[in-house]
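Enquirer: coords please:
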Amino acid sequence: MLKLPDHARFLYDSHAFTLLEVMIAVAIMGITLTTLYGSQSRSLSYATEAHFNILAPSLAAAKLAELQSGVRELVSDSGDFGDDFPGYNWQLEVEAESFEEIERFADMEELLQRVDIKVKWVDSPYSYSLRYYGYSTEK
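Expert: The predicted model follows:
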């Protein structure tokens, strides 16, 4: 049997990783990290959408409460929610609703108004619409 010198025996007996093992480990880590990053990105997107879906109806309801209480005049208008909710805009469209199909409501035509409130988050694809029918005492 061939006797190895001491320094060669040390290299032969050491428990080191081969280049192939290191490359396989790096590939596995790369695949795992890519999958985790995609999952994290999707989770962030879902959380952002959920945040909008909770906040936008509340903002639209607050704007509708302003209209119903008389704080804001019932006319078409638009604006933003100020420093409290930066990046959120609102648009209000008021139109008289017609009942051309139903004769018995024909005299109410000028009294019933359709109010559309749209809340939009700037620089995002998210928007929320609320439709309300209000009775106007002015004829």
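
Enquirer: where's the most centrally placed residue in the chain relative to Tyr128, distance?
Expert: Nearest residue to the geometric centre of the chain (C-alpha atoms, centre = their mean): Glu49, 2.5 Å. To Tyr128, Glu49 is 11 Å away according to C-beta to C-beta, to the nearest Å. Where you see a C-beta, it was placed from the backbone N, CA and C, and this is true even at glycine.

Enquirer: Can you verify the residue nearest to the centre of the chain is assigned to a helix?
Expert: Yes - assigned with DSSP: H, G, I helix; E, B strand; the rest coil, Glu49 falls within a helix.

Enquirer: so where do the helices sit in the chain?
Expert: 6-13, 19-69 (DSSP state H).

Enquirer: Tell me which of those helices sits most buried.
Expert: For these, the largest average neighbour count (mean count of other C-beta atoms under 10 Å) is found in helix 19-69, namely a mean of 12.

Enquirer: could you say what helices and strands that helix packs with?
Expert: Packing partners of helix 19-69 (3 or more C-beta pairs under 8 Å, 6 or more residues apart in numbering; DSSP states H and E): strand 88-96, strand 112-121, strand 127-135.

Enquirer: This completes my enquiry, with thanks.
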